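J.: coords below, sequence missing:
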């Protein structure tokens, strides 16, 4: 038995050519096979919209990941700078403070120590009559 090769591209082109000449012919073919042409069209449009949305999400995700990485790096640098600034302020305000273990403290603890140091300085000024 000889086998016939079907050229799918040629078959699709012939359907498209027939549809362009007679737009109702595709609807008739769909109806013959038990499909509702409006539902098929709506489902096709929805699938295209879904694919376009997924593509846009993927593009936005790549952009956001890049921005997230930059923001994370900026926060880490800012945290290090802030920590160093607080550490420097503490050294200036209270040179008598033991700084051996201050490097191991987190930023919040350093801020608390700085606040307490400022309060102690203010109390000292009040006692000396320098502040009112």
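T.: Sure, I can see it. Note that the coordinates shown come from a computational prediction; the quantities given were computed from them, not determined experimentally. Numbering: from 1, shown residues only.

J.: Now do the phi/psi pair for residue 36.
T.: In terms of degrees, to the nearest 10, the main-chain angles of residue 36 are phi -90, psi 120.

J.: Residue 35 too?
T.: Torsion angles, degrees, to the nearest 10, at residue 35: phi -110, psi 150.

J.: okay, now it: neighbour count?
T.: 13 (other Cβ atoms under 10 Å). Every residue, glycine included, has its C-beta placed from N, CA and C.

J.: What does the pLDDT read for it?
T.: On the pLDDT scale, residue 35 is placed at 92.

J.: tell me the contacts of it?
T.: Not one residue lies near residue 35 by Cβ atoms under 8 Å, 6 or more residues apart in numbering.

J.: Then the one 3 residues further on?
T.: Shown here is residue 38, which makes no contacts under the criterion Cβ under 8 Å, 6+ apart.

J.: Does it lie in a helix or a strand, and which?
T.: Here residue 38 sits within helix 37-93, counting by DSSP states H and E.

J.: swap in residue 16?
T.: Using DSSP H and E, residue 16 falls in helix 8-21.

J.: Tell me the helices and strands packed up against that helix.
T.: Counting contacts by 3 or more Cβ pairs under 8 Å, 6 or more residues apart in numbering; DSSP states H and E, helix 8-21 is packed against helix 24-32.

J.: Give me the contacts around the helix it packs on.
T.: 15, 18, 19, 36, 37, 40.
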